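In: got a predicted model here, sequence first, then my questions.
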Amino acid sequence: MSPSHRDSQRHNRMEILKEKVEEEEEAEMEEAAERAEKGEKIMRPSEVRKEEIMTQETIRDLEKKLSEIEITISEKPLIITKDTIDISKLPLSYRSNTPKEEQLLQVADSFSRQYSHLCPDRVPLFLHPLNECDVPKFVSTTIRPTLMPCPELYDWDSCAQFVSDFLSMVPLPDPLKPPCYLYSSTTVLKCQKGNCFDFSTLLCSMLIGSGYDAYCVNGYGSLDLCHMDLTREVCPLTTKSKEKVQEEKKTPLKKYAIKPPRDLSSRFEQEQEKKQQEEIKAEEERRLREEEERLLEMENAKTDPLHGLRVHSWVLVLSGKREVPESFFIDPFTARSYSTQNDHFLGIESLWNHRNYWVNMQDCWNCCKDLIFDLGDPVRWEYLLLGTDKFHLSMTKEDDEGMNDDDDVENLDKEDEDKSLDMPQSWVEQIEISPEGTKVLEIKEWYENREDMLQLKHINKSTGLNTDYFKPGHPQALRVHSYTSMQPEVDRVMEFYETARVDGLIKREETPKTMTEYYQGRPDFLSYRHVNFGPRVKKLAVNSTESNPRPVVKITERFFRNPEKPADEDVAERVFLILEERIQLRYHCHEDHITANTREFLRHTEVDSKGNKIIMTPDMCVSFEKLLYQYEAMIRLQNEEKLSKHQARESELEVLEILKLREEEEAAHTLTISIYDTKRNEKSKEYREAMERVMREEHLRQVEAQLDYLAPFLAQLPPGEKLTRGQAVRLKDECLSDFKQRLIDKANLIQARFEKVRPGPSQGRGPQHHHPENGPRAVCSHLEGL
């Protein structure tokens, strides 16, 4: 069958599909017209015609304006460049196309033109991108089915996990378009990075080689799927695997066996405890469900402006082969499997394997939930090559009866011709993965919210060098700490935040025999100190550095220029040769001088070889005129030498203190908690509880003070002093007299009210007998006698 005849058949099939779509649209328009006739207002034909004319004119104007807009997209660097890989060393199949591949590219171009003509609203197909040699290659020929020699890479989950772990994700240059380059799997493995299409191609090659019915998919995904964002997913480390509980078989009791002790536990208590546990579990599930709903509402509020337009590639595994019961998707970035009904997958444009290429002709208005993955149905999936391994749908009896013997002969001829148009072999070399695995060279760990302010830990496995990076706020103002061991007196480098230290120390380098420190911003203009240590006299353990320090042999100090001093008096470098008892000075150089002044002092010994004290005389100096000046300079330098030795010892002790602190911090792993987090911040919680307790006690004291009858009397006395006997007796008398007066006032009040309420003699019903001794006045006279 000629290519023109094949194209005409495809054109006819496309026309039939287009007619069906038009019929469905006409039916929808008729239904809308019927609904309008029943209850909606119907516009006049002239108004409708006018509105259609206005709409078309508006569309033309918009198209003209949009065509004038120029959009410049910043070009992102390619994943693979000429510096990354030598193109000249690649095989010939990478750098050129065979005649069969050229023919396939022509067929693909013809297919793409027909598709664009019949479906102008669809995006262009992803058919033949460029490879690493800038040669166009058909996407199906980029897949190289390979069975890995490792038995661990035989199942789909292990293959997906390998691709996800071994490769580094690189986003697409344009999130709305497929990439212009599709590299071979061998090159991607060498560079260990790629985009979603590179991931899918490598994974699909491995799965097909393992016997799966796998396909690369070109479609649209959600923002989280395209950016490999799993923050909204459940962490797999938190899910516990269900352990099979083996029920213990109860052995039958023997006739003369000892009876087990009776169970004296209360069943009611057990039931109550079980019920309480179920209530706690239900409350926890309810709280988690509410939290998930709240997060879901927050996620829905943050809508993606490019939702449904982000291009993504993943792998489709159809059911049938390798005992796969149901078709599913695999995201190559995360190695997670998803159902074909998942909301992360928003649509499919096309898919392909190593044998053919299919275009999705189904509507993706409901994401991929309603898609039928019957690749043998030409109505739902338009294929590129006729020599597909998918069977077509069964024909009806009427179509079967209409076919005559001549058609059978033509179909046989077509099958013979179709065999010559199968997919060319893959141009990619055999994919090889060493079964020994890869060697880890570097490890980087990032931290947050640590109390020791550790931000990054970099471990170099080849050299054994560990480098810790700290944020501002460490107790020792550490910024960087590089070391091979946490033991003292080994090679290490410490960098500090100089603004957080009083001495202005920037950097400290330590070796088993030296220590170098760099300073900045000191008032004495010190910039550099280098200390040389000698061997210890006694051989002690390493941990005994504090009790047996290393002897200091030489100290070299350098200073910045002090503009307030003349250059020939401003010391630039000072060397203390302790064993040789010499002090060397080098001064700063004048701007118009070449060399600088130097001076050397020989430190005199205070006793001779016999132990007698040496008395300095003018005869012992060459220039005795300046004897006093030199002597004062010598004394000053000796004091500075002692100070430098003391600072060197302090630096050694500080290193030991920092190492001890780092060991405690690494063992504790304490996290910082915000002061506003009242539930997890124990210190804030304890302080708040203490303040509440103090306030309660103060409130109780105030209440007691309000109810204390002695408070007015005690206030008259000086506070904080003990009462004497006379003061106590006087306080007692005052209290009793006050109490007596209060009772008298109450009695008078009662008497006044009694007399006011008591009726007169004429108002009473009978004779009234009064007993004054029993009335309120008797009470008053009795109180007066107290």
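Out: Looks like it arrived, so ask away.
In: quick one: low-confidence ranges for the stretch 551-700 of the chain?
Out: 604-611, 614-627 (pLDDT under 70).
In: can you pull out the helices in it?
Out: Under the criterion DSSP state H, counting those that start in this stretch, the stretch 551-700 of the chain contains helices at 627-668, 682-707.
In: tell me which of those sits nearest to V217.
Out: With distances scored as C-beta to C-beta, the stretch of these nearest to V217 is helix 627-668 (46.1 Å). No exception for glycine: its C-beta is placed from N, CA and C like everyone else's.
In: what packs against the closest one?
Out: Judged by 3 or more C-beta pairs under 8 Å, 6 or more residues apart in numbering; DSSP states H and E, the packing partners of helix 627-668 are strand 478-483, strand 492-496, strand 505-510, strand 514-519, strand 526-533, strand 552-559, strand 571-577, strand 598-602.
In: and D213, what is it in contact with?
Out: By C-beta atoms under 8 Å, 6 or more residues apart in numbering, the residues touching D213 are 317-322, 324.
In: quick check: the gap between it and F199.
Out: 19 Å (C-beta to C-beta, to the nearest Å).
In: ok, now R680?
Out: 39 Å.
In: give me the nearest residue to S96, chain neighbours excluded.
Out: Nearest non-adjacent residue to S96, counting by C-beta to C-beta, 6 or more residues apart in numbering: V135, 6.6 Å away.
In: for that neighbour, the count of nearby residues, please.
Out: Here the number of neighbours of V135 (other C-beta atoms under 10 Å) works out to 15.
In: T340 too?
Out: There are 19 residues near T340, going by other C-beta under 10 Å.
In: same thing with the one 5 residues further on?
Out: Close neighbours of F345, defined as other C-beta under 10 Å, add up to 26.
In: wait, what's in contact with it?
Out: For F345, the residues meeting the contact criterion (C-beta under 8 Å, 6+ apart) are 219-222, 225, 314, 329, 338, 367-368.
In: hmm, 10 Å instead?
Out: By C-beta atoms under 10 Å, 6 or more residues apart in numbering, F345 lies in contact with 217, 219-222, 225, 312, 314, 316, 329, 331, 338-339, 364, 367-369, 371.
In: what does E429 give?
Out: E429 neighbours (C-beta under 10 Å, 6+ apart): 90-91, 93-94, 144, 146, 184-187.
In: out of those residues, flag the one nearest to Y256.
Out: So of those, ranked by how close each gets to Y256 (C-beta to C-beta), first place is T146, at 69.4 Å.
In: I figured the closest one hits T201, correct?
Out: No. In this structure, T146 is not within contact of T201 by C-beta atoms under 10 Å, at 11.6 Å.
In: which residues are common contacts for these two?
Out: 185, 428.
In: of these two, who's got more company?
Out: Regarding T146 and T201, a neighbour count based on other C-beta under 10 Å identifies T201 as having more, with 27 against 22.
In: element containing that one, please.
Out: T201 belongs to helix 196-209 when elements are defined using DSSP states H and E.
In: what ranges do the strands span in the stretch 51-200 of the chain?
Out: For the stretch 51-200 of the chain, the strands defined by DSSP state E, counting those that start in this stretch occupy 168-169, 193-194.
In: let me have those in JSON lines, extended by distance to E152, mean neighbour count and mean pLDDT.
Out: Below are the strands of the stretch 51-200 of the chain laid out as JSON lines (distance: least, C-beta to C-beta, whole Å; neighbours: other C-beta atoms under 10 Å; pLDDT from 0 to 100):
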{"stretch": "strand 168-169", "distance to E152": "21", "mean neighbour count": "14", "mean pLDDT": "91"}
{"stretch": "strand 193-194", "distance to E152": "22", "mean neighbour count": "21", "mean pLDDT": "91"}
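In: would you mind putting these into a markdown table with distance to P566 alongside?
Out: Converted to a markdown table, the strands of the stretch 51-200 of the chain look like this (distance: least, C-beta to C-beta, whole Å):
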| stretch | distance to P566 |
| --- | --- |
| strand 168-169 | 60 |
| strand 193-194 | 61 |
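In: and those: which comes nearest V694?
Out: With C-beta to C-beta as the criterion, V694 lies closest to strand 168-169 of the strands of the stretch 51-200 of the chain, at 56.1 Å.
In: from R289, how far out is A572?
Out: 73 Å.
In: those two: which is more packed in?
Out: A572 (21 against 10).
In: go ahead and confirm that one touches K565.
Out: No. Counting by C-beta under 10 Å, K565 is not a contact partner of A572; they are 11.1 Å apart.
In: tell me, what's touching those two both at once?
Out: 525, 587-588.
In: which of those residues ranks first by neighbour count?
Out: Neighbour max across the shared contacts of A572 and K565 (other C-beta under 10 Å) = H588, 21 neighbours.
In: for that one, give its distance to S737.
Out: Following C-beta to C-beta, the distance that separates H588 from S737 is 93 Å.
In: same question for K565.
Out: Taken as C-beta to C-beta, the span from K565 to S737 is 87 Å.
In: what about S485, how many residues nearby?
Out: By other C-beta under 10 Å, the residues close to S485 number 12.
In: that should have said C119, apologies.
Out: C119 - counted by other C-beta under 10 Å - has 16 other residues nearby.
In: quick one: it and V359 touch, right?
Out: Yes. Applying C-beta under 10 Å, one finds C119 in contact with V359, separated by 8.8 Å.
In: what do those two both touch?
Out: 125, 382.
In: generate a ChimeraX selection restricted to the buried entries among the contacts of F345.
Out: Listed next is the ChimeraX selection for buried residues among the contacts of F345, using 16 or more other C-beta atoms under 10 Å:
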select :217,219,220,221,222,225,312,314,316,329,331,338,364,367,368,371
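In: in helices, which of the contacts of F345 fall?
Out: L225 (DSSP state H).
In: nearest spatial neighbour of T516, chain-adjacent residues omitted?
Out: E509 (4.3 Å).
In: quick one: Q277 is in a helix?
Out: Yes. The assignment for Q277 by DSSP: H, G, I helix; E, B strand; the rest coil puts it in a helix.
In: these two touch, right, K461 and K439?
Out: Yes. Counting by C-beta under 10 Å, K439 is a contact partner of K461 at 7.8 Å.
In: give me the more crowded residue out of those two.
Out: K461 (11 against 7).
In: mind checking pLDDT for the more buried one?
Out: Among the per-residue scores, K461 shows a pLDDT of 89.
In: contact partners for it?
Out: By C-beta under 10 Å, 6+ apart, the neighbours of K461 are 439-443.
In: distance of it from E442?
Out: 7 Å.
In: S462 now?
Out: On the measure of C-beta to C-beta, S462 and E442 end up 8 Å apart.
In: equivalent analysis for W365, please.
Out: With C-beta to C-beta as the criterion, W365 and E442 are 48 Å apart.
In: thinking H354 is in contact with S140, fair?
Out: Yes. Between H354 and S140 there is a contact under C-beta under 10 Å: 5.8 Å.
In: residues in contact with both of the two, list them for me.
Out: Counting by C-beta under 10 Å, 6+ apart, the residues touching both H354 and S140 are 216, 423, 426.
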